[in-house]
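In: predicted model, plus sequence, below.
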Amino acid sequence: MKNVLLINPPWHKEKDNIWSGISSVNPPIGIASIASFLEGHAFKVAVLDMHALKMHARDPRGLPDIDRYAVIGITCTTPLIAAASEIVKIIRSIVPAHVKIILGGVHPTVAPDECLMIDGVDYVVRGEGELTFLEILQERDPENILGISRREDGRIVHNPARPYITKLDDLPLPAYHLLPVHAYRPTLGAFKQLPGIGIITSRGCPGRCTFCYRLFGSSLQFRSADHVMEEIRLLHKEYDIREIAFYDDTFTASKKRVIQICEMLLRENMGITWSCFARTDFVDQEMLFMMKKAGCHQIMYGFESASEKILQNINKRTDLHKVLEAIAWTKHAKIDIRAAFMLGSPGETEETLEETYRFAVKIDPEIVIFNVTTPYPGTEMFEWAKKNNYLLTEDWKQYDLAHPVMDLPTISHEKVKEAYNTMHRRFYIRPRYIFKQIKMITSWLQIKTALRTAFSVIVFK
């Protein structure tokens, strides 16, 4: 039996990033899913969530018995590749040469060559990791393992991609017993009660936005309502979880499934409150009223911009009329709106930035977040920006939604950063908004959350 260690690197955000104060701490669902899958095939697995435990990338050098693992897997997104690289180098300096070190996740999937250049990395797992990781542990011939990239005779070889998993119910629930569950929490302002946790119930997104990398291709796979409820029951019973944040890209993409989940939540009456991510073109009045009845109190919509031209440029595939209609339905259902906008998209000008701000004030959401448009590697927007020499840097630590990494012909990166620094304060420090929030407070938890949010908005620069 091989011992396996799976690591989630820490993400330390700069003080000029609003997410440094309000960010959620979510379980690493990808490696938790791989862990439970491997346990089901008789492997002994440990998970080290360095982010949740507030560890530094250098901390693995102090871990006891790290050399007893035969395989060590590390997941990372683009902003975390530097931390992952540091972890790899430290671990490789400690463990014997026969220990395999594997990188997986979004960034290794889109940049496998770069990741294999990190001294000490044996394999890169591209795409979904459950089956690929299993075959590595089973010591299959590397030439025949779909979905890996590797070195062979001094050159980098990319094996063919592995087909996507189409029946998500065949996968076991994430290995929560290996995670520090009570270290997790939803985004500040996105919960009614605690303890809370984020879960994922589907893979893929119906959108085709140019700023998103489609890790699961054009497919959209759902776990059944029964499978989702099995996970919620586990979290509620074993860990006293009272708040769920559905972090699916578009939780409402299947109306039938949403209604089924709502009916089950109502029938089992666990007292769970919840929030989700949605698109305005994938909600309707019937669904929203059912969601509210079943405990949904907040929906995060990605509006991105108030400019129709910019929405076309990023292939958002929606229009402001439908957006306003969905906003009206959501408010009528008495569900709070968390509005997300992007500053500095292709075609952005000082005028469109102000147009977006005025739109945010007009729709009057309970929470608003202005992110800096970030063209992550592997996206259409990244390729467009690179081809046209608009990229300011490929220092991936700057790809954190707070620092402009493009200098567009229509607006300077300095103007985008200035807007990012000022729009949150302009929105939140309005008497109308402040009075509205005070009227909504009904508990001590809400008071503490409001104070923490206000502090985060005011102090970040």
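Out: Perfect, I can see it now. Fair warning: this is a prediction, and the values are worked out from it, not measured in the lab.
In: okay, now the domains of the chain?
Out: As recorded under automatic domain parsing, the domains making up the chain are 3-158, 185-459.
In: element containing A360, please.
Out: Assigned by DSSP states H and E, A360 falls within helix 350-363.
In: and the very next helix or strand once past that helix, average pLDDT?
Out: Using DSSP H and E, the helix or strand that follows helix 350-363 in sequence is strand 367-372. For strand 367-372, mean pLDDT is 95.
In: before we move on, what about stretch 18-33?
Out: For stretch 18-33, mean pLDDT rounds to 83.
In: repeat that for stretch 241-256.
Out: For stretch 241-256, the mean pLDDT works out to 96.
In: neighbouring contacts of the helix holding A360?
Out: Helix 350-363 is contacted by residues 303, 305-307, 309-310, 324, 327, 337, 339, 341, 343, 368, 370, 411, 415-416, 419, 423, 426-427, 430 when judged by Cβ atoms under 8 Å, 6 or more residues apart in numbering. Glycine gets a C-beta too; all of them are placed from N, C-alpha and C.
In: any stretches of the chain with poor pLDDT?
Out: 1, 19-23, 61-62, 64, 217, 442-461 (pLDDT under 70).
In: which residues does the spatially most central residue of the chain contact?
Out: Centroid-nearest residue in the chain: Y247, 7.0 Å away (criterion: Cα atoms, centre = their mean). By Cβ under 8 Å, 6+ apart, Y247 lies in contact with 26, 198-200, 277.
In: correct me, but R68 touches K2?
Out: No. Counting by Cβ atoms under 8 Å, R68 sits too far from K2 to count as a contact (10.4 Å).
In: can you give me the helices in the stretch 201-350 of the chain?
Out: In the stretch 201-350 of the chain, the helices defined using DSSP state H, counting those that start in this stretch lie at 225-239, 255-268, 285-293, 308-313, 320-332, 350-363.
In: what's the shortest one in contact with?
Out: Residues from elsewhere that reach helix 308-313 (Cβ under 8 Å, 6+ apart): 210, 304-305, 318-320, 345-348, 352.
In: now do that helix: distance to the chain's middle.
Out: Relative to the centre of its chain, helix 308-313 is centred 24 Å away, using Cα atoms, centre = their mean, to the nearest Å.
In: one more: the longest one?
Out: The gap between where helix 225-239 is centred and where its chain is centred comes out at 21 Å by Cα atoms, centre = their mean.
In: what comes up buried for that helix?
Out: By neighbour count on 16 or more other Cβ atoms under 10 Å, the buried set for helix 225-239 is 225, 228-229, 231-232, 235-236, 239.
In: quick one: that helix to helix 255-268, angle?
Out: Using axes from the mean of the first three to the mean of the last three Cα atoms, to 10 degrees, one finds that helix 225-239 and helix 255-268 are set 40 degrees apart in direction.
In: for helix 225-239, name the packing helices and strands.
Out: Judged by 3 or more Cβ pairs under 8 Å, 6 or more residues apart in numbering; DSSP states H and E, helix 225-239 is in contact with strand 196-199, helix 255-268.
In: contact partners of it?
Out: The contact list for helix 225-239 (Cβ under 8 Å, 6+ apart) reads 168-169, 173-174, 176, 181-182, 195, 197, 199, 201, 241-242, 244, 257, 260-261, 264-265, 268, 270, 272.
In: again, only this time at 7 Å
Out: 169, 173, 176, 181-182, 195, 197, 199, 201, 241, 244, 257, 260-261, 264, 270, 272 (Cβ atoms under 7 Å, 6 or more residues apart in numbering).
In: where does the residue nearest to G147 when sequence neighbours are not counted fall, secondary structure wise?
Out: In space, and not counting its chain neighbours, G147 is closest to R162: 3.4 Å by Cβ to Cβ, 6 or more residues apart in numbering. For R162, there is no enclosing helix or strand under DSSP H and E.
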